[in-house]
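Colleague: I would like the atomic coordinates for the input below:
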Amino acid sequence: SAGARGPAGRGSPRRRIRQCAIASGHCAGDSCAGTGSASRTGSASGFGVRAASGRRTCARAAPGRIAREYTARECAARECAARAARHGSGPPPVSRMKKGLTALPKQPATWLAMLGPAGFSPVAPATAGSALIVAIGWFTPVPSLPIALALLALGTVIAVWAAGEAEKELGHDAGPITIDEAIGQSITLLFCPHRIGAFIAAFALFRLFDIWKPPIADKAQQLPGGLGIVADDVVAGIVALIVLQALLWAQSYFGLAIL
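Modeller: As a prediction, the model looks like this:
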């Protein structure tokens, strides 16, 4: 009846809405209420759970209708982000994790992980970070191989730490974090001859394998913290290095002068 619906339950009662379960103010993953009465009880940010046809999905609750469905994990994450935006605590809002920066970083480690201006690029910050490293490599004197490997090892350790600290502020593997591209691109540039064609090929190959990740790189990305952020770029850099050196060898073998 109309009286049974109440102000918060306008519309058809066949849509069952329950509030998402949030544990201790943090995202609760798939933890959502299951079944319940045919009424609407929205949370403070307007997200609720729809339990129908045996599926557990979350929906954006609006008076009299459901604007969009979300999975239980998305619903919990959005609820958590909304709370963090209101109270200034908890994980960073979804907009900062997925769509880039909306405010200046607060931690020095975050600035380092962003490679300064590269992380502020509104389009493809990872590509901007790789291009920055290629430019630095072009104008920097080439060190001996032992020194280059030592610097690369030290840089990898610093990158893992900085990326791990930055993800606390920006979210895991957020777009502005580009120090991982610095490591991967540096690996690709090892043994690269100082020719413009070779440097362009090194840049293009690393971007290719960083975007289209080999299976082992995809698994490496699942490692926790900064290790997972950097590891997949290390794999992409190694694969790009092997392909580049194979192309250079083939070019020399067939007497070509392309790269």
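
Colleague: helix/strand/coil for residue 177?
Modeller: Of the three states, residue 177 takes coil under DSSP: H, G, I helix; E, B strand; the rest coil.

Colleague: nope, residue 143 is what I was after
Modeller: Going by three-state DSSP: residue 143 is coil.

Colleague: I figured it was touching residue 149, is that so?
Modeller: No. Look at residue 143 against residue 149 with CB atoms under 8 Å: they stay out of range, at 9.4 Å. Just so you know, the C-beta spots here come from the backbone N, C-alpha and C atoms, and that holds for glycine as well.

Colleague: Give the phi and psi angles for residue 140, as a check.
Modeller: Residue 140 adopts backbone torsions of phi -100, psi 130, taken as degrees, to the nearest 10.

Colleague: wait, residue 222
Modeller: phi -80, psi 0.

Colleague: Need the pLDDT of it.
Modeller: Reported pLDDT at residue 222 in the predicted model: 86.

Colleague: residue contacts, it?
Modeller: residue 228 (CB atoms under 8 Å, 6 or more residues apart in numbering).

Colleague: make it 10 Å
Modeller: 228, 231, 232 (CB atoms under 10 Å, 6 or more residues apart in numbering).

Colleague: Now do the SS call for residue 193.
Modeller: coil.

Colleague: how much space between it and residue 251?
Modeller: 10 Å (CB to CB, to the nearest Å).

Colleague: quick one: low-confidence parts of this protein?
Modeller: For the chain, the stretches with pLDDT under 70 are 1-77, 79-102.

Colleague: circling back to that earlier point, the more surrounded of residue 193 and residue 251?
Modeller: residue 251 (15 against 11; other CB atoms under 10 Å).

Colleague: what are the phi and psi values for residue 117?
Modeller: According to degrees, to the nearest 10, residue 117 has phi -70, psi -20.

Colleague: Determine the number of other residues adjacent to it.
Modeller: Neighbours around residue 117, by other CB under 10 Å: 12.

Colleague: same thing with the one 4 residues further on?
Modeller: Counted with other CB under 10 Å, residues neighbouring residue 121 total 20.

Colleague: Tell me if I'm right that it and residue 131 touch.
Modeller: Yes. Using CB atoms under 10 Å, residue 121 is in contact with residue 131, at 9.5 Å.

Colleague: how much space between residue 131 and residue 237?
Modeller: Between residue 131 and residue 237 the distance is 15 Å, computed by CB to CB.

Colleague: More neighbours: which of those two?
Modeller: Between residue 131 and residue 237, residue 237 has the larger neighbour count (other CB under 10 Å), namely 29 against 17.

Colleague: ok, now which ones touch the more buried one?
Modeller: By CB under 10 Å, 6+ apart, the neighbours of residue 237 are 130, 152, 180-190, 202, 205-206, 209-210, 217.

Colleague: got it, and residue 129?
Modeller: For residue 129, counting by CB under 10 Å, 6+ apart, the contacting residues are 114-119, 121, 176-182, 184-185, 233.

Colleague: Show me which residues of the lengthiest helix in the chain are buried.
Modeller: Assignment by DSSP state H gives helix 225-253 as the longest helix of the chain. By neighbour count on 16 or more other CB atoms under 10 Å, the buried set for helix 225-253 is 226-241, 243-244, 247-248.
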